[in-house]
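Chemist: here's a sequence, model it:
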Amino acid sequence: MQSLFLSKNKGTILMNNYKTVISDGFELNYCVKGTGKTILVIGSSVYYPRLFSDNLMRRFQFFFLDHRGFVRPSRSLEPEDYTLDKVLSDIEKAREALDLTDFIILGHSGHAFMALEYAKKYPDHVAKVVLLNSAPTNSSERQHQSSTFFHETASPERKEQFNKNIALLEYDIQKDPERRFVHMCVRMG
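Modeler: So this is what the prediction gives:
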C-alpha cells in the first residue's frame, strides 16, 4: 500500500507518482515532469504527459493538472459544481499550493478556453498563454460546423470507428456516471 502524507505548508498529498491539491472537496491530481521554465498544463495529469516530447521536457518544467471534470467527486454534486468559475478557482488554488509565479499556462482544445479564461481572471502570475488546437469559440454554431466538417470529410473507416466508440459511451456513463467527462473524452477520441 502506498503511503500518504499531507504537506504542512502546501496542502498537497503524495500518492503513487502523483500529488493532489484539494479544492472544494475535489482531489485534483497533478504530476511534474521536466526542467526549465514552468508550464501549467490544464486537463489531464494522466493523458497529457504522454504527448510532450523529451526535448520539450529538457527545456520546460511541466505541471500537468487535472481539472474537476477528470476526478471522482467526494460528494453529491449539483450542476453549479462544474461552472467555469469553479474550475478557474481550482486552478488558482493549485497555483497557490504549488507556489507558481511567472508561469506559462497551456490548454488544448476545450482546455484552451479554461487556460485563456484563467489568464484573464488571474493575470498577475501568468507570463504567457499557449492555446493548442482551439476553436475561436465554443458556440453551438461552431460545434455544428465541426460536426458537419467531420461527416463531410472523414474517411468511411474513421466514421465507422467513431460510431463504434460513441455506441459505448452510454454504457460507460451508466456504469460510472461521476466520470462522464472522462468517458466522453475517451470515446470521442
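
Chemist: ok, now how distant is Arg59 from Gly69?
Modeler: Distance from Arg59 to Gly69, counting by C-beta to C-beta, to the nearest Å: 29 Å. (Glycine included, C-beta is placed from N, CA and C.)

Chemist: so which of the two has more stuff around it?
Modeler: Looking at Arg59 and Gly69 with other C-beta atoms under 10 Å, you find the greater number of neighbours at Gly69, namely 19 against 12.

Chemist: where does that one sit: helix, strand or coil?
Modeler: Assigned state for Gly69: helix (three-state reduction, DSSP: H, G, I helix; E, B strand; the rest coil).

Chemist: burial of Ile39, as a residue count?
Modeler: Taking other C-beta under 10 Å as the criterion, the count of residues near Ile39 is 22.

Chemist: now do the contacts for it.
Modeler: Ile39 makes contacts with 60-63, 103-106, 130, as judged by C-beta atoms under 8 Å, 6 or more residues apart in numbering.

Chemist: the same query, at a cut-off of 7 Å, please.
Modeler: For Ile39, the set of contacting residues under the criterion of C-beta atoms under 7 Å, 6 or more residues apart in numbering consists of 60, 62, 103-104, 106.

Chemist: now, of the residues you listed, which are buried?
Modeler: In terms of neighbour count (16 or more other C-beta atoms under 10 Å), the buried residues within the contacts of Ile39 are 60, 62, 103-104, 106.

Chemist: what's the distance between the most centrally placed residue in the chain and Leu106?
Modeler: Centre of the chain computed as the mean C-alpha position; nearest residue by C-alpha atoms, centre = their mean is Gly43, 1.0 Å away. If you measure Gly43 against Leu106 using C-beta to C-beta, the figure is 9 Å.

Chemist: and for Lys175?
Modeler: With distances defined as C-beta to C-beta, the gap from Lys175 to Leu106 amounts to 32 Å.

Chemist: Val182 now?
Modeler: The gap separating Val182 from Leu106 is 20 Å, by C-beta to C-beta.

Chemist: which residue sits farthest out from the middle of the chain?
Modeler: With C-alpha atoms, centre = their mean as the measure, the chain has its most outlying C-alpha, relative to the mean C-alpha position, at Pro156: 30.3 Å.

Chemist: and the gap between that one and Arg75?
Modeler: Separation of Pro156 from Arg75 (C-beta to C-beta) stands at 45 Å.

Chemist: retrieve the pLDDT associated with Thr35.
Modeler: At Thr35, the pLDDT value in this model is 93.

Chemist: chain center to stretch 66-82: distance?
Modeler: Distance of stretch 66-82 from its chain centroid, counting by C-alpha atoms, centre = their mean, to the nearest Å, is 13 Å.
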